[in-house]
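1. dropping the sequence and predicted coords here.
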Amino acid sequence: TQLMSGEDCDFFIDLCKGPGKPVNFVPVIDKDLSFWIKKDSLWYSEMLEAVPGRDVGRVAVLQGPVAVRHSTKPNEPIADILGGISKGIIQDLLNDYPNKEAIPYMEYIGGAPIRRVAQKDLPSAITIQTTTNEKEGSISTVIQLPNAPDHLPNEELWREFLAGDRYSWWRGLLCTRQIVRGKCKVDNPIIRLFHPRPGQRVEVVRDTKGNTLYVHVWDASGTSPSSTPTLKVTRDDDAISVTISHFRPPSQHVPLTLRYLYRPLQGYAPIHEVSSSNDLIKRFYAQLWFGEVPEDMHAWSTEDSFETTKIIAMDDITNFCTAIGARARTIGGRVEAPVDFAIVACWEPLVRTLFPQNIDTDLLTLLHLTYGYTLLDSHPLYEGDAVRSKVKITEVVNLRNPNGKRVSVKGILSREDHAGSTPLIEVTSQFLFRGTFHDFENTFRTSPQIQRRVELHDPQAKSILESKPWLVLDKDVHLEVGDRLLFCVTSRETFHDEHVLREVHTTGDVLRYTGQTSITTRIGTVQFSGGDVLVGGDPIRGYLDRHGQPLDPVQFFEDGGYSMVTGAPFRLMSPKENNTYS
């Protein structure tokens, strides 16, 4: 509560009376009460609880001058009002077209205006061939784009030419800027698929009435045989299928089918995505990355650990070095792989972390944020090594600004031989699924162990620590002024929403240094479990952040270091294709 002066109150009332959008409340009950109530005539109807008896007939709604002109009957039902509008539109149409057969047919109303594009509007290097199949009652139009990028058509003109000169399912799929996904409208991904590319060949097949039957696209990359289109678009009643044939080295082609529904009654957004597409996309990427869809993929969970063992072959090292422009070293008669080869060795378990059923996301929106590694052995990877990779998800969180779902993982690569298992490399990686997510019941964060030193300089610091309910000392152990303590703590958090934790569990050990040495002895534990805690409200982590120091703090160069890039522009040439790297 804030005490306000009379002048402040008058100033506030004047602001409420000002021009523009009226306030949605009555600021004061005075002689102007009728003014406040009627200034915003909608507030009453927007708040059903304020209507006496929730009676629609007692809602005061002010009409504008146009509405008043046509309000000629008292107590006219809303059905009659809307019916009169519909009949009026129909009558106006009949007045313009006395012959009903002449009334133009449109599959939907509300789409973007049609821009009629003829062959003469396209670059002359484009060749078009039309053939008629009288047996099937179809007309095939084949468009061949030139190999020279400078002779490609404008993207918008190209789509308008392919879509034809009438509103249809094909025009809705190709030219509508947004499609419906769930309860939201998102950018139409099909538009990007039909971007004109050098050497591309497109076949549009229509019936004799001009209705589009199906569309095929052949890529010029040479990765698809001539009999297999790179892209196929078909329609079965109101169901639309878009099948993409993706090349998987060395010679496999993996199909991805996206399914949509055609809703012509919603002309502003006639294309609706089928809700089960996330599973279809996951199966596509599983086949693309693993060669086949694992039988147990439906049972994968964010709590699982994912493991594989890979024998590093000489060809693997050679191909990888060729792809990234590196050179492999030979040490003791054995070829050593670059450290970056770790991503090849752990690739399969690394990406398996994206497939659990409780991460319900669209893999087409995936971004690979970070990838890092820590060497645990001075010479980690050699040809002939049997390397076991074990990767686990450490974090699934929903983000705001930018919107998305972040998945963090951590893994260990170990060499397996007769002597046992030797840890070689620790890898960490983060992925981001773009979009807005509200499934907080599937989110969590497992924090790695943190180590903090705490020194009890004075009795006050000792008393503060002893008062903490989460500190459990071993039997016959007492804290003393001057103690140097080491806290080793891990925590796991689950989320209720972006601001509140559903549960937080923090545990760890407390160790005491012996004298001025680095030798430690365990003297107790820390334990905290709680619910409905604000994000960042873990009391143990809060205490250590305020009173502790990192065991191994990051130290920067005293002189600021130096730049590895000189003043000249630093350029990298990206390859034209990534099939070799894949």
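-> Received, thanks.
2. please pull out the lowest mean pLDDT helix or strand from this protein.
-> Least confident helix or strand of the chain, by mean pLDDT, DSSP states H and E, is helix 43-46 with a mean of 63.
3. next SSE after that one?
-> Sequence order places helix 65-70 as the next helix or strand after helix 43-46, per DSSP states H and E.
4. avg pLDDT for that next one?
-> Average pLDDT, helix 65-70: 80.
5. could you report the pLDDT at H272?
-> 95.
6. I misspoke; the intended subject was Q555.
-> Note for Q555: predicted pLDDT of 67.
7. how close does the most centrally placed residue in the chain get to H499?
-> Residue closest to the average C-alpha location in the chain (C-alpha atoms, centre = their mean): R434, at 2.0 Å. R434 sits 22 Å away from H499, going by C-beta to C-beta, to the nearest Å. In short, each C-beta sits where N, CA and C put it, glycine included.
8. just R452 next, same as before
-> 26 Å.
9. show me where pLDDT drops low in the stretch 101-250 of the chain?
-> Scanning the stretch 101-250 of the chain for pLDDT under 70 picks out 221-227.
10. ranges for the strands of it?
-> 127-133, 138-144, 178-181, 184-187, 201-207, 212-218, 231-236, 239-248 (DSSP state E, counting those that start in this stretch).
11. export the fifth one as PDB, just CAs?
-> By that I understand strand 201-207. Taking C-alpha atoms only, strand 201-207 is exported to PDB below (Å, rounded to 0.1, in the frame of the first residue of the first chain):
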ATOM      1  CA  ARG A 201      13.500 -30.500 -62.800                       C
ATOM      2  CA  VAL A 202       9.900 -30.100 -61.600                       C
ATOM      3  CA  GLU A 203       6.900 -32.000 -62.900                       C
ATOM      4  CA  VAL A 204       3.300 -30.800 -62.100                       C
ATOM      5  CA  VAL A 205       0.500 -33.200 -63.100                       C
ATOM      6  CA  ARG A 206      -3.100 -31.900 -63.400                       C
ATOM      7  CA  ASP A 207      -6.300 -33.400 -64.600                       C
END
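12. what are the ranges of the strands in the stretch 401-550 of the chain?
-> So, for the stretch 401-550 of the chain - with DSSP E, counting those that start in this stretch - the strands run 404-417, 420-434, 444-455, 471-473, 484-495, 500-513, 520-534, 549-550.
13. bridging residues for Q430?
-> Judged by DSSP bridges, the bridge partners of Q430 are T370, S408.
14. and it, what does it touch?
-> Residues in contact with Q430 (C-beta atoms under 8 Å, 6 or more residues apart in numbering) are H368, L369, T370, R406, V407, S408, V409.
15. where does the closest residue to the first one other than its chain neighbours land on pLDDT?
-> This means H368. Excluding its sequence neighbours, the residue lying closest to H368 (C-beta to C-beta, 6 or more residues apart in numbering) is F431, at 5.9 Å. What the model reports for F431 is a pLDDT of 95.
16. which helix runs longest in this structure?
-> helix 78-96 (DSSP state H).
17. got the CA positions of that helix in CSV?
-> Provided in CSV are the C-alpha atoms of helix 78-96 (Å, rounded to 0.1, in the frame of the first residue of the first chain):
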residue,chain,number,x,y,z
ILE,A,78,-28.3,-12.8,-33.2
ALA,A,79,-29.1,-15.8,-35.5
ASP,A,80,-31.4,-13.5,-37.5
ILE,A,81,-28.7,-10.8,-37.7
LEU,A,82,-26.0,-13.2,-38.9
GLY,A,83,-28.4,-14.9,-41.3
GLY,A,84,-29.4,-11.6,-42.8
ILE,A,85,-25.7,-10.7,-43.4
SER,A,86,-25.2,-14.1,-45.2
LYS,A,87,-28.3,-13.7,-47.3
GLY,A,88,-27.3,-10.2,-48.3
ILE,A,89,-23.9,-11.4,-49.6
ILE,A,90,-25.6,-14.1,-51.6
GLN,A,91,-28.1,-11.7,-53.1
ASP,A,92,-25.4,-9.3,-54.1
LEU,A,93,-23.6,-12.1,-55.8
LEU,A,94,-26.8,-13.1,-57.7
ASN,A,95,-27.3,-9.5,-58.8
ASP,A,96,-23.8,-9.5,-60.3
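18. returning to what we had before: and the contacts of Q430, which are buried?
-> Those of the contacts of Q430 that meet the buried threshold are R406, V407, S408, V409, by 16 or more other C-beta atoms under 10 Å.
19. got JSON lines for those residues, with pLDDT and distance to D237 too?
-> Below are the buried ones among the contacts of Q430 laid out as JSON lines (pLDDT from 0 to 100; distance: C-beta to C-beta, whole Å):
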{"residue": "R406", "pLDDT": "95", "distance to D237": "40"}
{"residue": "V407", "pLDDT": "96", "distance to D237": "38"}
{"residue": "S408", "pLDDT": "96", "distance to D237": "44"}
{"residue": "V409", "pLDDT": "96", "distance to D237": "43"}
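20. okay, those residues in JSON lines with distance to A102 next?
-> Converted to JSON lines, those look like this (distance: C-beta to C-beta, whole Å):
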{"residue": "R406", "distance to A102": "59"}
{"residue": "V407", "distance to A102": "59"}
{"residue": "S408", "distance to A102": "64"}
{"residue": "V409", "distance to A102": "65"}
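21. quick one: contacts of the longest helix of the chain?
-> Contact with helix 78-96 is made by K73, K100, I103, as judged by C-beta under 8 Å, 6+ apart.
22. can you check stretch 128-139 too?
-> Q119, S140, T141, V142, I143, Q144, V205, R206, D207, T208, L213.
23. and those residues, which of them are buried?
-> Counted by 16+ other C-beta under 10 Å, the contacts of stretch 128-139 give S140, T141, V142, I143, Q144, V205, R206, L213 as buried.
24. how about the contacts made by the third one?
-> It refers to V142. If you count contacts by C-beta under 8 Å, 6+ apart, then V142 has I128, Q129, T130, T131, R201, V202, E203 around it.
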